[in-house]
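S.K.: Pasting the sequence and the predicted coordinates here, then a few questions.
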Amino acid sequence: MRFFFYGTLIDPDVRRIVLGGAATGTIHLREAMLPDWERRAARGVSYPIIVPKRGSRVEGMLVSGLDTDARRALVGFEGNQYTLMRASVFVSNGTREVVLFVPAPGGSLRAEAHEWSYAQWCATEKQAFIKELLEAPKAQPKVAPSAGPAPVAPARNPASQPAPPRSPMGALPSEILALLERHHLWLTSHGVSGAQANLSDKDYRGVDFGGQDLSGANFSRCNLTGAKFAKSRLEMSSFEGAILRGADFAGANLDGCMLAYADLSDADLGNATLRPVDILRPDGTPSGRRWPANLSRATLVRARFFCADLTGANLRSVDLTGADLSGAQLEGTNMADAVTDGATLPRQTDG
């Protein structure tokens, strides 16, 4: 996943504090330009926001290579005043698809009339901003954000969410056994040993991952047609842009999962959970903010969500043509611009 930074995160000192070791090691930076937007000062704060303006442009950075803990730290830093949006930016040799943070609809952020200047911010406000980052006792978005990344492995509450038993590893293709074993070590050691599973851009059609703990794994852009994830734990995992036609997620834990732009046509998500997860402070305590499951712009044609828990999920601009959501929990679910032609929606009495 590529991000576009246009505000205080274009500053290397801010990046080091917010992203930790990723800011100096694994990420890649390129100059980029976002067309038809303008960067304005935000009212009452020292950081900017962007607003649409045809013919204008915003200079910034294309950032790639952020791992799960860096992405979670980024979400915690931006806070719930922002939402993610996909866009195209210009780089030296063409265009690239990115995601970027823009003010959340209905939020409190307001643009001033004047543009925001990075040079002026460095000269007049950077020192105070950095001081807040380093000394803030609480993880507050932007105003006093957390001074460091969230824990590496996805958080869990052992008392209320016991880990599912793992399926026999020998039943999986040999080429991914080692990856999953290292991922299991990564999870159980909270990132001290092993390695996060990166299975992106692969063809795993029909593979049975059922019952595995794959929290935080990266399946972005995979072909997983007919794959099985029944009763698997997939918290904070990424299936962005993946092909999941006819996949089986029955009873799976998909809390905080990234499924934006995925094709879940005819998939079974009956009794699955797609709830928000807590964003933690560096010391492991809850920050009070939550990261929702994101299915925005996903294709969910004829998908089965019977009795699924979609509380607080992002279903903006999804295609739910012919989908079955009977009995589903939709409290706080964002279904703006969703296509629901022929879909079976929960009755009022279904909750």
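M.R.: Looks like it came in fine.

S.K.: Just the buried residues of the lengthiest helix in the chain, please?
M.R.: If you go by DSSP state H, the chain has its longest helix at helix 174-188. Residues of helix 174-188 classed as buried by neighbour count (16 or more other C-beta atoms under 10 Å): 176, 179-180, 183-184, 186-187. For the C-beta atoms, the positions are set from N, CA and C on the backbone; glycine is no exception.

S.K.: cool, stretch 61-74 as well?
M.R.: Taking 16+ other C-beta under 10 Å as the criterion, stretch 61-74 shows 61-63, 66-74 as buried.

S.K.: Quick check: of the residues you listed, which lies closest to Val192?
M.R.: Asp69 (12.4 Å; C-beta to C-beta).

S.K.: about what we covered before: same list (the buried residues of helix 174-188) but as a markdown table, adding pLDDT and distance to Gly206.
M.R.: Formatted as a markdown table, these follow (pLDDT from 0 to 100; distance: C-beta to C-beta, whole Å):
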| residue | pLDDT | distance to Gly206 |
| --- | --- | --- |
| Ile176 | 81 | 13 |
| Leu179 | 85 | 18 |
| Leu180 | 85 | 17 |
| His183 | 88 | 20 |
| His184 | 86 | 22 |
| Trp186 | 82 | 26 |
| Leu187 | 82 | 25 |
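
S.K.: Return the member of these nearest to Phe129.
M.R.: Trp186 (33.2 Å).

S.K.: now for the buried residues of helix 174-188, which pair is the farthest apart?
M.R.: It's Ile176 and Leu187 that sit farthest apart of the buried residues of helix 174-188, by C-beta to C-beta, at 15.7 Å.

S.K.: that older thread, okay, the buried residues of helix 174-188 in JSON lines with distance to Arg110 next?
M.R.: Converted to JSON lines, the buried residues of helix 174-188 look like this (distance: C-beta to C-beta, whole Å):
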{"residue": "Ile176", "distance to Arg110": "49"}
{"residue": "Leu179", "distance to Arg110": "46"}
{"residue": "Leu180", "distance to Arg110": "47"}
{"residue": "His183", "distance to Arg110": "43"}
{"residue": "His184", "distance to Arg110": "47"}
{"residue": "Trp186", "distance to Arg110": "42"}
{"residue": "Leu187", "distance to Arg110": "42"}
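
S.K.: Pick out whichever of the residues you listed sits closest to Leu259.
M.R.: Nearest to Leu259 among the buried residues of helix 174-188, counting by C-beta to C-beta, is His183 at 19.2 Å.

S.K.: Identify the residue nearest that closest one in space, chain neighbours excluded?
M.R.: Ala197 (3.7 Å; C-beta to C-beta, 6 or more residues apart in numbering).

S.K.: Check Leu274 too.
M.R.: Setting aside the residues directly before and after it, Leu274 is nearest to Ala293 in space (C-beta to C-beta, 6+ apart), at 3.8 Å.

S.K.: related to what we said a few turns ago, for the longest helix of the chain, what is the distance to the chain centroid?
M.R.: Counting by C-alpha atoms, centre = their mean, to the nearest Å, helix 174-188 is centred 22 Å from the centre of its parent chain.

S.K.: what do you get for stretch 101-115?
M.R.: With C-alpha atoms, centre = their mean, you get 21 Å for stretch 101-115.

S.K.: any idea which of the buried residues of helix 174-188 is the one closest to Gly106?
M.R.: The closest of the buried residues of helix 174-188 to Gly106 turns out to be Leu187 (C-beta to C-beta; 36.2 Å).

S.K.: Quick check: the closest one vs Leu224, distance?
M.R.: 20 Å (C-beta to C-beta, to the nearest Å).

S.K.: got it, and Arg182?
M.R.: Taking C-beta to C-beta, one finds Arg182 at 20 Å from Leu224.

S.K.: Next, Leu19: phi, psi?
M.R.: Backbone torsions of Leu19, given as degrees, to the nearest 10, read phi -100, psi -10.

S.K.: so it touches Leu66, yeah?
M.R.: Yes - using C-beta atoms under 8 Å, Leu19 is in contact with Leu66, at 7.2 Å.
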